[in-house]
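A.B. asks: This is the structure alone, sequence omitted:
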């Protein structure tokens with residue numbers, strides 16, 4: 001299985017995600033180690049805006065989620081976080097963004113699943129037909 005690293009800028013923003021050799025990771029400190037990140041830095045140089053490589057898990061087994069371009073790496077909690085979708089949403093303890101009003105039930109009706117979208121102006125979920 002491949003190992004993946006996210007390139008992080010000085011503000012913690014993910015610039016890109018690239019694949020690494022899992023054998024190199026195993027032979028240089030192992031999964032989630034600073035040694036593996038430093039070794040990877042020697043084999044794959046950073047872009048002009050990049051300041052470090054941080055390993056990410058494609059399966060989301062560590063650091064909250066698989067890193068994507070534009071995500072934020074929070075070094076205090078050692079996890080990747082998606083950008084805040086709306087100003088009113090707050091970051092939950094599990095690393096996901098929570099709306100101020102819980103999402104409505106999406107129970108299927110006549111074989112159709114109800115779909116909703118968030119309206120930031122009214123702070124409500126809007127049913128999409």
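C.D. replies: Sure thing, it's come through. All values derive from a computational prediction rather than experimental measurement. Residues are numbered from 1 along each chain as shown.

A.B. asks: does residue 35 sit in a helix, a strand or a coil?
C.D. replies: helix (DSSP: H, G, I helix; E, B strand; the rest coil).

A.B. asks: Next one: it from residue 7, what distance?
C.D. replies: For residue 35, the distance to residue 7 (Cβ to Cβ, to the nearest Å) stands at 18 Å. C-beta: built from backbone N, CA, C; applies to glycine.

A.B. asks: For residue 125, see how far away the residue of the chain positioned farthest from its centre is.
C.D. replies: Distance from the centre of the chain peaks at residue 110, with 35.1 Å (Cα atoms, centre = their mean). Residue 110 sits at a distance of 20 Å from residue 125 (criterion: Cβ to Cβ).

A.B. asks: Now stretch 36-47: buried residues?
C.D. replies: 36-37, 39-40 (16 or more other Cβ atoms under 10 Å).

A.B. asks: Same check on stretch 7-21?
C.D. replies: Buried, per 16+ other Cβ under 10 Å, within stretch 7-21: 7-9, 12-15, 17, 20.

A.B. asks: just so I have it, where are all the strands in the chain?
C.D. replies: Using DSSP state E, the strands of the chain run over residues 3-9, 14-20, 50-56, 72-74, 79-81, 90-91, 97-98, 115-119, 124-128.
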